[in-house]
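Engineer: Pasting the sequence and the predicted coordinates here, then a few questions.
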Amino acid sequence: MDEQALLGLNPNADSDFRQRALAYFEQLKISPDAWQVCAEALAQRTYSDDHIKFFCFQVLEHQVKYKYSELTTVQQQLIRETLISWLQAQMLNPQPEKTFIRNKAAQVFALLFVTEYLTRWPKFFFDILSVVDLNPRGVDLYLRILMAIDSELVDRDVVHTSEEARRNTLIKDTMREQCIPNLVESWYQILQNYQYTNSEVTCQCLEVVGAYVSWIDLSLIANDRFINMLLGHMSIEVLREEACDCLFEIVNKGMDPVDKMKLVESLCQVLQSAGFFSIDQEEDVDFLARFSKLVNGMGQSLIVSWTKLIKNGDIKNAQESLQAIETKVALMLQLLIHEDDDISSNIIGFCYDYLHILKQLPVLSDQQKANVEAIMLAVMKKLTYDEEYNFENEGEDEAMFVEYRKQLKLLLDRLAQVSPELLLASVRRVFSSTLQNWQTTRFMEVEVAIRLLYMLAEALPVSHGAHFSGDVSKASALQDMMRTLVTSGVSSYQHTSVTLEFFETVVRYEKFFTVEPQHIPCVLMAFLDHRGLRHSSAKVRSRTAYLFSRFVKSLNKQMNPFIEDILNRIQDLLELSPPENGYQSLLSSDDQLFIYETAGVLIVNSEYPAERKQALMRNLLTPLMEKFKILLEKLMLAQDEERQASLADCLNHAVGFASRTSKAFSNKQTVKQCGCSEVYLDCLQTFLPALSCPLQKDILRSGVRTFLHRMIICLEEEVLPFIPSASEHMLKDCEGKDLQEFIPLINQITAKFKIQVSPFLQQMFMPLLHAIFEVLLRPAEENDQSAALEKQMLRRSYFAFLQTVTGSGMSEVIANQGAENVERVLVTVIQGAVEYPDPIAQKTCFIILSKLVELWGGKDGPVGFADFVYKHIVPACFLAPLKQTFDLADAQTVLALSECAVTLKTIHLKRGPECVQYLQQEYLPSLQVAPEIIQEFCQALQQPDAKVFKNYLKVFFQRAKP
């Protein structure tokens, strides 16, 4: 072996050596006999370096996995012998191999097993067991091999081909017949032998039993001698977690409902009499988390049994299983309320399913009602944050608690389905008592009280947030709680979690303020002062900005009396913060977008006359325009690139803010009706010069482009005078990405204004195409993926543009470009349909072709177009689907074929019998199509139902392709 290259396997080697080692590995993988060198090195223990041993196993693994069938019988025998002799050597080694080597060896054994067991090596397990016997090192490897085999055969995370899945099923069937009882016996011997002397091997063996129990005969494991041993392990500290998991797998095994019930009950009896149900005596939380998972498994198994028995009409046994479930509820509650969230989280499944049963029962007993209440109290208690939760810097623990809270929310929703009245009453009790004394109550209790009110909205759902109408008792309870929330002064609580929960709840129940509008002013003040948008925490300010915009939007009818006051109070929050003054504004630019949108909504939805709206909108946007002009001048003079970038950012924010205010307009309240057209036209005039700025082009153009998109919607034809010069600037020295983003703008204008923009389109059609072709024809590195993708996306955009032009009834834009240019455009469409393996673009090209045939393909079409149809369009309809890359199993490709069929149908529609004659006598014979197939094809084409022909075309090409 190349000793120099092997040096690079050491993790501390420098990168040159490491590269060389990688290259060497690739070389050995391809080499037909390098594996033999590695096999020999392993069998003869040539190397002591762990990384080299691992490397040798990797080479063998590659050989077995990908090239085993290429080996001769003798070579395959050699691999088997190598592995067995390596295994024998492990019995005598003074030191065991490192874990990562043992695991890799086990993987190679497992790969060889799935390849050979059914054919050449049926005695695989007997050979291995005869080598390892009860030697602890051998047993360790034997158990690792079993786990590796299990993951090859049944691991759900590994994707298997149908061929492999069939093979795996056959292997498992054969193992069940031939060797599973012997394997189970070996596990029993290992457990018995090592349970007190070698906890590591015992735990590994328990893991193997747990893994295999899902697919072997359960009676081999669920019997007195095994279960008694496992229960014994439950009392041995180093074994009990694994024993717990093993019992969980046994309980989880699918089986007859009555048998399952008996198994679970007998297990529970033994566990209970051994004292395991006394949770409060147990201090080991890791064990309790596993035990909680086991109880959850037992509970859910009993519930599955109950469901099956009810379905089968076996009422007697169903009653017995329900009884069994009920006796576990006390234990479930103890685990649910446990202060450790992992222990609690593991039992939630059982709890959730138990509530589902109660929901189905016609009437609940007093005990069941008490259980529901106990679960409810447990959920309320467990929703509470603990002292350690870090609100300012949320890490992994915090994320886990947030996930846990989501699980509890599901329980709360389920509780609401079982007993909505009880839930409402419980929440009301907790809420009222907490808010009465919020000043002296800890933050987490105040937060959870408000949180529960918030959660009721989803737990007791209504349509369109109508919580305050309909059911009187529910509506008045919610109304009382909301009134308490907004009048108690709790919005001043000095903790971010309480503040945020207050605003979230106010916005969630915005309909309350239509019932009691007298509370709007105090809530608006909370939003606008140090409790909300001016809070000391940036996180609170940011979230409040969003919630404030939602609050104002949903209550716009009630906002009229407060509009000017709000606009005055948010004035400083609208400041565009320029990069140079070091002034740290309260809100980020993303948050400011919400404030601008809110200001726009207030103005547009107000009851003011148009002149007043215009004046207010001008007050809002003029500062932006003035700042924009100053900053643009500064940018033109800026030398330092970092400064240029921050100025461009700021300019972009200004355009974005102006854009965002326009979201307030609607079909009922258009820009024109509000008298605001002039203000936005002024904005356009202010922003467009940024397009000719040579610095920071990408960011400036993208901002102005977005603004233009908005203005096309808002200003309608008033925007048209600005489009030609804007387009001219955007087409100057532009890259592929610029064009890709510019084309949708032109498409929007074309589709919206159609004939109105015909002169403009005719004028800019060829300059745009030249810019596109120039980018597409640029040479690029052969394996430059991103350049290839950019060209593919630009090609799609180009065809989408042609589709918009032809589809908007503007084909004269193309026709008026002169014969040579028209032909050039048509040829690119034919190329797009045939040459590029991109079904999305191909589909668009066929849509363009059928549209052009429809418009120009008749007797009075442009001179020469009929020739073009027969010379180019008809052949394209056959050449494209015949390409190897045209994959008829792919959904996008099928859509492209469907448009290809439409094109052929349209040609037939426009040219009539002449088209059929051409296909019959000239074109199809030139493709060597058999006469009877030609006849069949032409008949399908002449069918009046287009769907018949589409289906036929797919079959036609499936037959034609090899």
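Structural biologist: The structure has been received and is ready for your questions. Just so it is clear, the structure is predicted and the values come from calculations on it, not from any experiment. Numbering: from 1, shown residues only.
Engineer: right, and the helix or strand after the worst-scoring helix or strand of the chain on mean pLDDT?
Structural biologist: Taking mean pLDDT, DSSP states H and E as the measure, the helix or strand of the chain with the lowest value is helix 3-7, at a mean of 61. As assigned by DSSP states H and E, the chain's next helix or strand after helix 3-7 is helix 15-30.
Engineer: What are the buried residues along that following helix?
Structural biologist: 17-18, 20-21, 24-25, 28-29 (16 or more other C-beta atoms under 10 Å). (Glycine included, C-beta is placed from N, CA and C.)
Engineer: what's the answer for stretch 564-573, then?
Structural biologist: For stretch 564-573, by 16+ other C-beta under 10 Å, it's 566-567, 569-570, 573.
Engineer: same deal with stretch 533-551?
Structural biologist: Those would be 533-535, 540-551, for stretch 533-551 by 16+ other C-beta under 10 Å.
Engineer: Report the two of those separated the most.
Structural biologist: Within those, two members stand farthest from each other by C-beta to C-beta: 534 and 550, at 18.6 Å.
Engineer: Okay, strands next: where are they in the protein?
Structural biologist: Using DSSP state E, no strands are assigned anywhere in the chain.
Engineer: Low-confidence regions, it specifically.
Structural biologist: For the chain, the stretches flagged by pLDDT under 70 are 1-9, 13, 17, 578-583.
Engineer: separation between the spatially most central residue of the chain and residue 417?
Structural biologist: The chain has residue 403 as the residue nearest its centroid, 16.6 Å off, counting by C-alpha atoms, centre = their mean. Applying C-beta to C-beta, to the nearest Å, the value for residue 403 to residue 417 is 22 Å.
Engineer: just residue 223 next, same as before
Structural biologist: 41 Å.
Engineer: One more: residue 75?
Structural biologist: From residue 75 to residue 417 the distance is 65 Å (C-beta to C-beta).
Engineer: what does residue 22 give?
Structural biologist: 58 Å.
Engineer: circling back: looking only at neighbour counts, state which of residue 223 and residue 417 leads.
Structural biologist: residue 417 (14 against 11; other C-beta atoms under 10 Å).
Engineer: show me what contacts that one?
Structural biologist: Contact partners of residue 417, counting by C-beta atoms under 8 Å, 6 or more residues apart in numbering, are 355, 359.
Engineer: got it, and residue 400?
Structural biologist: residue 341.
Engineer: Residue 880 contacts residue 833, doesn't it?
Structural biologist: Yes. In this structure, residue 880 is within contact of residue 833 by C-beta atoms under 8 Å, at 5.3 Å.
Engineer: Common neighbours of the two, please.
Structural biologist: Joint contacts of residue 880 and residue 833 (C-beta under 8 Å, 6+ apart) are 842, 900.
Engineer: residues near the closest residue to residue 957 other than its chain neighbours, how many?
Structural biologist: The shortest distance from residue 957 to any non-neighbouring residue, by C-beta to C-beta, 6 or more residues apart in numbering, is to residue 881 (4.4 Å). Residues contacting residue 881 under the criterion other C-beta under 10 Å number 23.
Engineer: isn't residue 881 right next to residue 900, touching?
Structural biologist: Yes. Counting by C-beta under 8 Å, residue 881 touches residue 900, with 6.4 Å between them.
Engineer: From residue 597, how far off is residue 707?
Structural biologist: Distance from residue 707 to residue 597, by C-beta to C-beta: 15 Å.
Engineer: One more: residue 565?
Structural biologist: 18 Å.
Engineer: go on, residue 634?
Structural biologist: From residue 634 to residue 597 the distance is 27 Å (C-beta to C-beta).
Engineer: Comparing these two, which residue is more hemmed in?
Structural biologist: residue 597 (22 against 17).
Engineer: With adjacent residues omitted, what lies nearest to residue 134?
Structural biologist: In space, residue 134 is closest to residue 193, 5.8 Å off (C-beta to C-beta, 6+ apart).
Engineer: The one you found contacts residue 135, doesn't it?
Structural biologist: No. With contacts counted by C-beta under 8 Å, residue 193 stays clear of residue 135, the gap being 10.9 Å.
Engineer: follow-up on the earlier one: give me the number of residues near the residue nearest to residue 134?
Structural biologist: Using other C-beta under 10 Å: residue 193 sits among 16 other residues.
Engineer: distance of it from residue 187?
Structural biologist: Taken as C-beta to C-beta, the span from residue 193 to residue 187 is 11 Å.
Engineer: Check residue 315 too.
Structural biologist: Taken as C-beta to C-beta, the span from residue 315 to residue 187 is 40 Å.
Engineer: Tell me which of the two has more neighbours.
Structural biologist: Neighbour comparison, residue 315 and residue 187: the larger count goes to residue 187, with 20 against 10 (by other C-beta under 10 Å).
Engineer: For residue 134, see how far away the more buried one is.
Structural biologist: 12 Å.
Engineer: Over to residue 536?
Structural biologist: From residue 536 to residue 134 the distance is 68 Å (C-beta to C-beta).
Engineer: what does residue 411 give?
Structural biologist: Noted for residue 411: a distance of 48 Å to residue 134, by C-beta to C-beta.
Engineer: And these two? Which one has more around it.
Structural biologist: residue 411 (20 against 14).
Engineer: Residue 465 touches residue 511, doesn't it?
Structural biologist: Yes. Shown here, residue 465 and residue 511 form a contact pair, counting by C-beta under 8 Å, at 5.0 Å.
Engineer: So if I had to pick from the two, which one is more boxed in?
Structural biologist: More crowded of residue 465 and residue 511, by other C-beta under 10 Å: residue 511, with 18 against 14.
Engineer: so residue 501 touches residue 450, yeah?
Structural biologist: Yes. Using C-beta under 8 Å, residue 501 is in contact with residue 450, at 4.3 Å.
Engineer: Of those two, give the one with the bigger neighbour count.
Structural biologist: Applying other C-beta under 10 Å to residue 501 and residue 450 shows that residue 450 carries more neighbours, namely 26 against 23.
Engineer: can I get the CA coordinates of stretch 712-726 in PDB?
Structural biologist: Output in PDB follows, covering the C-alpha atoms of stretch 712-726 (Å, rounded to 0.1, in the frame of the first residue of the first chain):
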ATOM      1  CA  ILE A 712     -48.600  49.500 -12.100                       C
ATOM      2  CA  ILE A 713     -51.300  48.000  -9.900                       C
ATOM      3  CA  CYS A 714     -52.100  51.200  -8.000                       C
ATOM      4  CA  LEU A 715     -51.700  54.000 -10.600                       C
ATOM      5  CA  GLU A 716     -52.800  52.100 -13.600                       C
ATOM      6  CA  GLU A 717     -52.200  54.000 -16.900                       C
ATOM      7  CA  GLU A 718     -50.800  57.000 -15.100                       C
ATOM      8  CA  VAL A 719     -47.600  55.000 -14.700                       C
ATOM      9  CA  LEU A 720     -47.200  54.500 -18.400                       C
ATOM     10  CA  PRO A 721     -45.200  57.700 -19.300                       C
ATOM     11  CA  PHE A 722     -42.500  56.500 -16.900                       C
ATOM     12  CA  ILE A 723     -42.000  53.100 -18.300                       C
ATOM     13  CA  PRO A 724     -39.900  53.700 -21.400                       C
ATOM     14  CA  SER A 725     -37.100  55.600 -19.700                       C
ATOM     15  CA  ALA A 726     -37.100  53.200 -16.700                       C
END
